[in-house]
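Enquirer: Quick one: sequence plus predicted model below, questions after.
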Amino acid sequence: MAAMKGLKTIRVMVWACVPLLPLTVAAQGGGFGPAAVVVDRVRETELAPTISIPGTVLSRFDSRLASEVEGRVIWFADVGTVVAKGDPLVRLESTTLDIQREEYQGLVERERARLTFLEPEVVRLETLAAQDNAAESLLNQTQSNLEVARGDLKVANARLRQIEDQIDKTTIPAPFDGIVSERLVNLGEMISRLDEVVRLVNPAAIEITSRAPLNAVAFLEPASELAIYNEYRRGIGTVRTVVPFGDPESHMFELRVDVPAGSWIVGESVRMDVPTAQPKQALAVPRDALVLRREGTFVFRVNDEQVAERVPVTTGAADGDLIEVKGDLAAEDMIIVRGAERLIEGQTVMVTGG
């Protein structure tokens, strides 16, 4: 037992004598090998303070089409159908209208036949009257019948065109290129005039609508470019118009932004960065370069000896991935944007990108 106690004592003494030099060196940053980092440059650029506002992707051509006549649905383009301008979307039964068209075609033909008889008859009676071989009253009566026949022919033609117009409207055409996004009727249903039948959307003619506060609208004008993004993609949009009438309660103004066709999906939610002050020249770094600690914010600069130097900074205006910094930095300084979280002041680094 005494021997065992002595052995434990020796072990404790041995552990107690292990030198602490490696830990000390590590604490000073000299016990680590070069850390692999990705770098970028401090740049002097034009920045403006911005705020992020929500927006929605819309099509400039998005219509719910209604019928102009009543009838029974006998065919429709299904949801997802791609159509060109003028292609049929819905067809209604036209049997009754076809019968009415035949009736008015008969009336037109009858009135034309009357004119065919009366026009030469008036000429004949005028010749006879000039020779005192026809009664004036008969000539006047025939001329009156001719005028009535001409009027009746106009009425018959007008009614025929009305029926033909209604028959044409039993087929509802696409007013623009697009995709059928919603069908509001089913086969065999009777619909009335002004009933909505389909929704047609042009996914190529898109824009983003949003509402911006007055302090942002004051720095926007047509053709201004804005960063647009969500969790899936990023892009650039161009301000088409700022509607110059704000909501009196929210003091928000409608903003319309053009974006390239195919870059976004109709109905998608996005965010936009809009300026709240005039642009200014400033030193800027990528946001990923910032290291945030309780004692403050700093970046790591790589000096000529490939050693990391911690530089405290304060931040200012942001524009997309760039953010203004103020501190002991200069344009073109090399700063670390990946791998800075575990660095120690004075640690040697190995640049793997920049």
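Expert: Structure received.

Enquirer: Make sure residue 261 is indeed in a strand.
Expert: No: secondary structure of residue 261 (DSSP: H, G, I helix; E, B strand; the rest coil): coil, not part of a strand.

Enquirer: what's the burial count for it?
Expert: 11 (other C-beta atoms under 10 Å). Every C-beta, even on glycine, is put in place using the N, C-alpha and C of the backbone.

Enquirer: mind checking the longest helix of this protein?
Expert: helix 95-130 (DSSP state H).

Enquirer: residues of that one that come out buried?
Expert: With burial defined by 16 or more other C-beta atoms under 10 Å, the residues of helix 95-130 counted as buried are 97, 100-101, 104, 107-108, 111, 114, 118, 121-122, 125.

Enquirer: got it, and stretch 312-330?
Expert: 313, 315, 317-319, 322-325, 327, 329.

Enquirer: Residue 183: which of the residues you listed is nearest?
Expert: Ranked by distance to residue 183 (C-beta to C-beta), the buried residues of stretch 312-330 are led by residue 319 at 44.8 Å.

Enquirer: Give me the pLDDT for the closest one.
Expert: Residue 319 is assigned 76 on the pLDDT scale.

Enquirer: Look up which residues are beta-bridged to the closest residue to it other than its chain neighbours.
Expert: Using C-beta to C-beta, 6 or more residues apart in numbering and skipping the chain neighbours, the partner closest in space to residue 319 is residue 47 (4.8 Å). The residues listed as beta-bridge partners of residue 47 by DSSP bridges are residue 280.

Enquirer: any idea how far residue 47 is from residue 150?
Expert: Using C-beta to C-beta, to the nearest Å, residue 47 is found at 79 Å from residue 150.

Enquirer: the more surrounded of those two?
Expert: residue 47 (22 against 14).

Enquirer: Just want to check the distance between that one and residue 191.
Expert: Computed as C-beta to C-beta, the residue 47 to residue 191 distance reads 57 Å.

Enquirer: Sketch out the strands for the stretch 101-250 of the chain, chain order is fine.
Expert: 171-173, 178-183, 190-191, 196-201, 206-213, 225-229, 234-242 (DSSP state E, counting those that start in this stretch).

Enquirer: Using PDB, write out every CA atom in stretch 37-46.
Expert: Coordinates of each C-alpha in stretch 37-46 appear next as PDB, following Å, rounded to 0.1, in the frame of the first residue of the first chain:
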ATOM      1  CA  VAL A  37      -7.800  32.000 -45.700                       C
ATOM      2  CA  VAL A  38      -9.600  33.700 -48.600                       C
ATOM      3  CA  VAL A  39      -8.900  37.400 -49.100                       C
ATOM      4  CA  ASP A  40     -10.300  40.400 -50.900                       C
ATOM      5  CA  ARG A  41      -9.400  44.100 -51.200                       C
ATOM      6  CA  VAL A  42     -10.600  47.200 -49.500                       C
ATOM      7  CA  ARG A  43     -12.100  49.300 -52.200                       C
ATOM      8  CA  GLU A  44     -13.000  52.900 -52.500                       C
ATOM      9  CA  THR A  45     -16.400  53.100 -54.100                       C
ATOM     10  CA  GLU A  46     -19.700  55.100 -54.200                       C
END
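
Enquirer: Would you mark the buried spots in that stretch?
Expert: 37, 39-40, 42.

Enquirer: I'd like those residues laid out as CSV, including pLDDT and distance to residue 342.
Expert: Shown next, in CSV, are these (pLDDT from 0 to 100; distance: C-beta to C-beta, whole Å):
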residue, pLDDT, distance to residue 342
37, 90, 10
39, 92, 16
40, 92, 18
42, 93, 22
